[in-house]
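S.K.: Requesting a structural model of the entry that follows:
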Amino acid sequence: MLATDTRFLEVLLPAAIRLHETMVAEGATTPAAIDALLARLAPDLDADARRFVLRLATWVAAYTQHTIDEAMLRSTDGRLWTHTLSALAVQSKWAAFDLRVCRGKHADDPEKDRLRDEEVEYFRAAVQGMPPYAFGRLFREQLAKEPPAGPNEENTYYLD
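M.R.: Numbering: from 1, shown residues only. Next up, the predicted model:
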């Protein structure tokens, strides 16, 4: 099965991500420029692997575009769009951490729930006005709780 193939996980997928990032950074837009870029980034790939990396890079680019578009649409309801985008992104950071724990690459943190709640509180003022469905369950559950007593000056500086 391809999904469990070490070469896919350690070589092909990272090559696709680097190809997408480098295409954007360097402005590679023609097939010849993209082929040259892929040859430079992953010179050891055979023709079949190169075609596969091109397909993966297409999906990486589409997913990146979709994610950014959705985040931008959702961020317009927040009070400070940069903090709103960070609030949306922090959920992926949590998922990445939990996936590393699941794979045995990182020890679980017994304080992670408290830390995540603190992160949500940091973003609370910035995401005020956003619909609850814009966030995942963990974020929504913390937002539904009463905020901690006392103003948090660090998080409300832009509301004056």
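S.K.: Quick one: mean pLDDT for stretch 21-32?
M.R.: The pLDDT scores in stretch 21-32 average 89.
S.K.: ok, residues contacting that stretch?
M.R.: Outside stretch 21-32, the residues that touch it by Cβ atoms under 8 Å, 6 or more residues apart in numbering are Ile34, Ala36, Leu37, Leu41, Ala57, Ala61. C-beta: built from backbone N, CA, C; applies to glycine.
S.K.: hmm, which of those residues are the buried ones?
M.R.: Ile34, Leu37, Leu41, Ala57, Ala61 (16 or more other Cβ atoms under 10 Å).
S.K.: Which members of the contacts of stretch 21-32 are the farthest-apart pair?
M.R.: Ala36 and Ala61 (17.9 Å; Cβ to Cβ).
S.K.: What pLDDT is listed against Lys112?
M.R.: At Lys112, the pLDDT recorded in the model is 91.
S.K.: one step back: ok, so of the buried ones among the contacts of stretch 21-32, who is nearest Ala15?
M.R.: Leu41 (6.3 Å).
S.K.: Counting neighbours, what do you get for the closest residue to the closest one other than its chain neighbours?
M.R.: Leaving out its chain neighbours, the residue that sits closest to Leu41 by Cβ to Cβ, 6 or more residues apart in numbering is Arg18, at 5.3 Å. For Arg18, the neighbour count with other Cβ atoms under 10 Å is 17.
S.K.: Arg18 is in what secondary structure piece?
M.R.: Applying DSSP states H and E as the criterion places Arg18 in helix 13-26.
S.K.: same question, Arg7
M.R.: helix 6-7.
S.K.: what helices or strands is that helix leaning on?
M.R.: Helices and strands touching helix 6-7, as assessed by 3 or more Cβ pairs under 8 Å, 6 or more residues apart in numbering; DSSP states H and E, are absent.
S.K.: Off-centre distance for that helix?
M.R.: Remark: helix 6-7 is offset 23 Å from the chain centroid, using Cα atoms, centre = their mean, to the nearest Å.
S.K.: Stretch 70-90 too?
M.R.: Worked out by Cα atoms, centre = their mean, stretch 70-90 lies 13 Å from the chain centre.
S.K.: Go through it and flag the buried ones.
M.R.: 71, 74-75, 78-80, 83-88, 90.
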